[in-house]
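Asker: Output the structure for:
(3 chains, ligands or ions: 2)
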Amino acid sequence: MQIRFLNRIKENSLFVICVSVFYLVELTYILTLLYYFGYTSLILSTILYFTLFYFGFLYLAFNFTILWAAIKRNFKLIPSAIRRLMAWLGTFKGGLTLFCMLIIAIIPLLTQNAYYLGSMFIVAMIYTIYAASWDFLAGYTGQVSFGQAAFFGFAGYVTADRILIQNWPWLPSLFFGALIAVLISLIIGIPTLRLKGPYLALGTLSFASILYLLFAMPTILYGSTGLFGVPRLSENVIIEYYIVFIFVIISLTIMKAIGNSKLGTVFKSIRDDETGAEASGIHTTRYKILAFVISAFFAGIAGGFFTMRNTAVSAQIFGTTYSFYPLVMVAIGGIATISGAGVGAFFFIFLIEILRGVADFQWLPAGAADFLDDALIFSVLLILVIRFAGAGVLKSAIERLKNLWDILLGR
Amino acid sequence: MLTDIMQVLVLGSVEGAVYMLIAVGYSLVYGTGGIMNLAHGAFYLIAGYMLYWYLGTLGLFTSVVLALIIVTLIGGISYLALIKPLEKKSQLSVVMVTFAIAFFIEQIVKLGCSILGFEKESTLPNLIEIKGTVSFELFGTIIPYDYVFILIISFLIVSLITLFISKSKLGTSIRAISQDREAATLMGINADRVLMFTVMISAFLAGVAAVIYVPSYPIAPWQGWVILTNSFAVVILGGMGSLPGSVLGAFILSYASHFTRVFIDPAISTLVPMFVIVVMLALRPQGILGKKEID
Amino acid sequence: MLEIRKIYHYYGSAKALEEVNLQVDEKALDAVIGPNGAGKTTLLRVISGLEEPDRGKVIFLGERIDELEPHEIAKKGIAHCPERRKLFYDLSVLENLKMGSFALKDKKKFKELLDFVYETFPRLKERKKQRAGTLSGGEQQMLALARAIMSDPKLLLLDEPSLGLAPKVKAQIFEAIKKIRDEGTTTLLVEQDAVLALNVADYIHVLEEGKIEMRGTKEELVKEPRIKQVYLGI
Ligand SMILES: Nc1ncnc2c1ncn2[C@@H]1O[C@H](COP(=O)(O)OP(=O)(O)O)[C@@H](O)[C@H]1O
Ligand SMILES: [Mg+2]
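Answerer: Ligands and ions are numbered 1, 2, ... in the order given. This next block holds a predicted model:
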């Protein structure tokens, strides 16, 4: 086992270079932390980072070959993939997706209102990536994370830290944040995903609630106020809009493509019958961890964007609310669809807006409007959807729409 | 030094007793029906808040009884209306719905505070306020009588529950279901109904924990999740579904986190439950006393 | 007493039972024999409600029971002694027996049944405080059988009671089965060991690939060349 593992590392000289660079960067990071925050933070960060990195890199090394083979295979498939994409755009669902994308793409031409563009559309797009990351894991492999906020938030903190304290540009900060999210996902993933049953749910939930307590402490980890004054992607909200838009398209395409690839088939076979998949020779733990890592990566990307959008990050980001959001969005949009996450996220944002509008109207009995809490309404919504419509609300609505479309076309 | 040790012992025992109540209920439901109830911390939360809301107007006795009755009913209703219908569908939706219930209860608690005009985070007056003798001194440490009361009540209740499960007919059928649910139904046992009882018992235990602990410890809406995390750590430490394991795990975890808090660092002490979960799952997923092999 | 009409059952798309008709008369001992995977266990599971048949009816004492829950069917007086025993291994022998009589309200009847069980299986009496998991294979099968009759059933379903037992123990178990029948309990026995089944049963149904291929008394069946060849190895 040891020897095989070492051989694999040797095979990937690229990988070794990555690891070395990473360690150097990290060493400087820890020294900076020591300089700024002193002793407690040093203990914490050393424990945290070194366990993370040792666990993380060992595991990445194991999985690197799988991932690399998948990437190589998918490169070869590009021409045929393009052909299939064109064919797909001709179908109802493909057309609908294209149509929605075009609408979102031209929104900035219709309104330059910074509130609509920034606080609604950009946030909805960020939530789209976030919810899709959750759906990727739950929908394809059947593993649920109730602490997705751990990756969202951690990446948010790291991104903010890189930009503010290290003066890095936003793009490497964003990816660095996502990479850290990947590493912490390994800490939870390795012990919990080895086991069958909802242990991941338990591990992620606990991890997020403990991060909440840790980051809320006044003296360590940037204190209870968190980090603020993070610059936005751009002064110009339209530029910001399109950057996030491009990231949404890329992220969702990648997740969807993995879902439709051979790797995705393996994930789904684990979801449908884990024991059976194991019996047919699939190393289920490894694939579950791979899916978890990918999910954490995209949650991290979303978290980075979210922090830059809000220009601040605090311990609140680890609250259960943020772990809860993707569940609601995916429940609305339909599980195992990835694009449903987008539908759910936009629906969610607009519903909040409408609810606030209702609250403004004051036609409700005096005072009642104050109690119209979004989170309350969404928790009821989630309970109802899980109980009565397992496949998601909008998925069946879209099916109906498709039938209607077929009838109109006389098919 | 001595006072430090006393602090660890006293606070550790009190918190351990409370976690014992919470974890025994959690473990009971998991052991019997394989239900991972993420709303368990929320049961604690709602009972604690009900006491907090009613105490001023209804008096101690009525508010305690009312809080316990309501939380037990909430447990039963959650099972009947949401968990049971989903159990036949998939394990995943059960876990998700309990998460949603927990989130819902948290919001209800916040809403209740704003409707009734209470602070969301608060401390309550101690339960026992006999004139002049609210506390006594032991080795230079002042110990409120409430702590003694907490210890007595929790051990009493856990003993009663253990007795009930090992001796009564319903208790035996709970154990039968936990070992082989299908065979139990062949004996004419209505497993759904028995499971409803276990969820109600577990909600009741969480309620008792809240009622005795909330007066000595600040309360906040996010606490449900911390309680839940700690119960995970306890049951993983002691062994999922093992009641003696839960008792043992509760005290180990509690002493460990108070020890780290007093002698090392409060920040590290926050990490103790997570550390326990990760290390136990990595090294011995069946827990200290668990014997069933988890694959 | 028990009547099964045109039962079909599928696991997913795999067929397990196809148009099975079967009737068991009051106080009779019927046996179903057939090779591994024929659908014998499925048949019993359908009767006791553990599986819902895709089509067909199960009628017990003139009443349709195929839509009832297993625990309701158990309360109607059908005791199912499942394949591989499925005891409550962490419960004591006595507790297992008590669980067996869970649906029984009559305290006096319970005493009588317990005496009957202890008389039939003295070994169980000796070990009544012991955990069921610590018993030997034969003792466990005795306990499973005893647990099933503790509910004072009108109909007893037995799924391969001889599975994995030494010949001497098998004989002991079948003695007990005969004794239970003589007490007046209607029994439907499922067995792979055709010789044993033929010797004990009044009427035998042959189930192959989900279909009843043949049925008759012992005398009728032993004349069939196919039975001789496949099941009796003559
Ligand atoms: N739970 C199940 N899921 C899928 N197929 C099953 C299941 N149980 C039994 N089968 C299939 O149904 C058929 C009948 O099985 P069974 O009733 O156990 O036969 P027998 O008891 O006669 O050996 C077999 O082909 C078996 O593989
Ligand atoms: Mg069988």
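Asker: In the stretch 101-250 of chain A, what residue lies closest to ligand 2?
Answerer: The minimum distance from the stretch 101-250 of chain A to ligand 2, using C-beta to the ion, falls at A:K196 (25.8 Å). In short, each C-beta sits where N, CA and C put it, glycine included.
Asker: Show the pLDDT at that residue.
Answerer: Per-residue confidence at A:K196 stands at 76 (pLDDT).
Asker: And the one 4 residues further on, by the same measure?
Answerer: Taken from the predicted model, the pLDDT recorded for A:L200 is 83.
Asker: Tally up the residues packed near C:Q192, please.
Answerer: Here the number of neighbours of C:Q192 (other C-beta atoms under 10 Å in any protein chain shown) works out to 16.
Asker: Please tell me I have it right and it contacts C:G164.
Answerer: No. At 10.9 Å, C:Q192 does not count as touching C:G164 under the criterion of C-beta atoms under 8 Å.
Asker: Quickly note the distance from A:R232 to chain C.
Answerer: 54 Å (C-beta to the nearest C-beta, to the nearest Å).
Asker: ok but that residue is inside a strand, no?
Answerer: No. Applying DSSP: H, G, I helix; E, B strand; the rest coil, one finds A:R232 to be coil, outside a strand.
Asker: which ones are touching it?
Answerer: Contact analysis of A:R232 by C-beta atoms under 8 Å, 6 or more residues apart in numbering or on different chains lists A:240, A:308-309, A:311.
Asker: among those residues, which are in strands?
Answerer: Using DSSP state E, no member of the contacts of A:R232 falls in strands.
Asker: With respect to B:Q107, which of these is nearest?
Answerer: Set against B:Q107, the nearest of the contacts of A:R232 by C-beta to C-beta is A:R309 (24.6 Å).
Asker: burial measure for the residue lying closest to the closest one once chain neighbours are set aside, as a count.
Answerer: Sequence neighbours aside, A:I122 is the residue nearest to A:R309 in space, at 5.9 Å (criterion: C-beta to C-beta, 6 or more residues apart in numbering or on different chains). Neighbour count for A:I122, taken as other C-beta under 10 Å: 27.
Asker: Would you agree A:D135 is in contact with A:S339?
Answerer: No. With contact defined as C-beta under 8 Å, A:D135 does not reach A:S339; the gap is 9.2 Å.
Asker: what do these two both touch?
Answerer: With C-beta under 8 Å, 6+ apart, A:D135 and A:S339 have common neighbours A:G333.
Asker: Show me which of those two is the more surrounded one.
Answerer: For A:D135 versus A:S339, the count of surrounding residues by other C-beta under 10 Å is larger for A:D135: 31 against 21.
Asker: so the more buried one is in which element?
Answerer: Here A:D135 is covered by helix A:123-135, with elements defined by DSSP states H and E.
Asker: Could you list every helix and strand in contact with that helix?
Answerer: helix A:148-164, helix A:237-260, helix A:284-310, helix A:320-333, helix A:339-361 (3 or more C-beta pairs under 8 Å, 6 or more residues apart in numbering or on different chains; DSSP states H and E).
Asker: And the average pLDDT for it is what?
Answerer: Mean pLDDT, computed over helix A:123-135, is 92.
Asker: ok and the residue in chain C nearest chain B?
Answerer: C:A103 (3.3 Å; C-beta to the nearest C-beta).
Asker: How about that residue: what's its closest non-neighbour residue?
Answerer: Nearest residue to C:A103 in three dimensions, chain neighbours excluded: B:G188, at 3.3 Å (C-beta to C-beta, 6+ apart).
Asker: got it, and B:L195?
Answerer: Nearest one to B:L195, counting by C-beta to C-beta, 6+ apart, is B:G33 at 4.6 Å.
Asker: before we move on, what about A:L227?
Answerer: In space, A:L227 comes closest to A:A160 once its chain neighbours are excluded; the distance is 4.3 Å by C-beta to C-beta, 6+ apart.
Asker: Next one, pLDDT for that neighbour please.
Answerer: So A:A160 comes in at 89 (pLDDT).
Asker: From B:G171, how far off is the residue nearest to B:L195?
Answerer: Distance from B:G33 to B:G171, counting by C-beta to C-beta, to the nearest Å: 15 Å.
Asker: same deal with B:V199?
Answerer: Remark: distance between B:V199 and B:G171 (C-beta to C-beta) = 15 Å.
Asker: circling back to that earlier point, what's the angle from the helix holding A:D135 to helix A:148-164?
Answerer: Orientation of helix A:123-135 against helix A:148-164 (axes from the mean of the first three to the mean of the last three C-alpha atoms, to 10 degrees) gives an angle of 130 degrees.
Asker: Where does chain B get nearest to ligand 1, which residue?
Answerer: Across chain B, the shortest distance to ligand 1 (C-beta to the nearest ligand atom) belongs to B:E182, at 11.4 Å.
Asker: what's the nearest residue to that residue if we skip its chain neighbours?
Answerer: Counting by C-beta to C-beta, 6+ apart, C:L50 is the residue found nearest to B:E182 once chain neighbours are left out, at 6.4 Å.
Asker: re earlier: between B:V199 and B:G171, tell me which one has more neighbours.
Answerer: B:V199 (30 against 18).
Asker: Could you list the domains of chain C?
Answerer: What automatic domain parsing lists as the domains of chain C is C:1-77+C:156-161+C:188-234, C:79-152.
Asker: between those domains, which gets nearest to ligand 1?
Answerer: Among these, domain C:1-77+C:156-161+C:188-234 sits nearest to ligand 1 (C-beta to the nearest ligand atom), with 3.1 Å.
Asker: Go ahead and flag the most central residue of the chain.
Answerer: No chain specified, so I'll use chain A. For chain A, the residue nearest the mean C-alpha position is A:A299 (2.1 Å; C-alpha atoms, centre = their mean).
Asker: Chain C, not that one
Answerer: Nearest to the mean C-alpha position of chain C, counting by C-alpha atoms, centre = their mean, stands C:L158 at 1.2 Å.
Asker: if I pick that one, what's in contact with it?
Answerer: By C-beta under 8 Å, 6+ apart, the residues touching C:L158 are C:81, C:145, C:148, C:177, C:187-190.
Asker: Wasn't C:M142 part of a helix?
Answerer: Yes. Remark: C:M142 belongs to a helix, assigned using three-state DSSP.
Asker: what's the residue nearest to it when sequence neighbours are not counted in contact with, if anything?
Answerer: Closest residue to C:M142 apart from its sequence neighbours, by C-beta to C-beta, 6+ apart: C:F121 at 4.5 Å. Contact analysis of C:F121 by C-beta under 8 Å, 6+ apart lists C:142-143, C:145-146, C:176.
Asker: let's see it at 7 Å
Answerer: Taking C-beta atoms under 7 Å, 6 or more residues apart in numbering or on different chains, we find C:F121 in contact with C:142, C:146, C:176.
Asker: got the contact list for the residue of chain C found nearest chain A?
Answerer: Relative to chain A, the nearest point of chain C is C:G12 (11.2 Å; C-beta to the nearest C-beta). Counting by C-beta under 7 Å, 6+ apart, C:G12 makes contact with nothing.
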